[in-house]
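# sequence? don't have it. structure:
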């Protein structure tokens, strides 16, 4: 086994994947360690497919993905996952504590599991809603609960699919504060985002996709007019902030 692969949380080499005859991901390669990495691209560009490949829910047609040097299917216990908002039955009659405990994936919860769930909920500032109905929460609070579920097992890799879609600023900042803490602990965070601007300064690596890999690296190196035009098929206006970061103005919806 390659020691470099063992050191990296995720290594993808020349990954291809198709749904039948429809090519979804083409020739994608990247490495991600103790970093906050974002996958960005237009609708239908293969972003969600890419994270399913990383999680081992799909297998590449060609190429390979390794999680700490091993097959993703063998490393799922090290991954915490926060799905897209639209994929969650938010009016299902369950309590907040039940949603978080579902992340532990046990039939019977003991004192240790209960305490772990409470710690996760406390990190997002919602421990006081432990016995509240999930359906009674605001959209931002529900997203924070789903994030707590993703981190309840103290995973080495946290994967989020559009975590900030329709989320208020305080909830986004609560989640990002935990993301920063997890990174300091040596963990890896991977997020699919259609609007990277609110968190751009925190991003270490950016994977720009439009089925094929357009570019991968630090955002300042990737967010060029040339790369954005290749990804989005037209001119994308950018603004450079005082800190020197290039902010793309993209009206793309999630997907």
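Cool, got the structure. Source: prediction; values computed, not measured.

# Which parts of stretch 73-80 count as buried, going by neighbours?
75, 78-80 (16 or more other CB atoms under 10 Å). Just so you know, the C-beta spots here come from the backbone N, C-alpha and C atoms, and that holds for glycine as well.

# and of those, the nearest to residue 249?
In terms of CB to CB, no member of the buried residues of stretch 73-80 lies closer to residue 249 than residue 80, at 31.5 Å.

# Tell me which residues touch that closest one, please.
Contact analysis of residue 80 by CB atoms under 8 Å, 6 or more residues apart in numbering lists 103, 149-153, 155, 157-159.

# let's see it at 10 Å
103, 120, 147-160, 182, 187, 189 (CB atoms under 10 Å, 6 or more residues apart in numbering).

# Make a ChimeraX selection of the buried ones in the residues you listed.
This is how ChimeraX selects the buried members of the contacts of residue 80, with burial counted by 16+ other CB under 10 Å:
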select :103,120,147,148,149,150,151,152,153,155,156,157,158,159,160,182,187,189
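
# Helices of the chain, start to end?
3-7, 47-55, 96-101, 111-123, 139-151, 169-184, 219-222, 225-232 (DSSP state H).

# Kindly reformat these as TSV and extend each row with mean pLDDT.
TSV is the format used below for these (pLDDT from 0 to 100):
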stretch	mean pLDDT
helix 3-7	56
helix 47-55	95
helix 96-101	94
helix 111-123	95
helix 139-151	94
helix 169-184	95
helix 219-222	93
helix 225-232	92
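
# To residue 246, which of these lies closest?
Of those, nearest to residue 246 by CB to CB is helix 219-222, at 6.3 Å.
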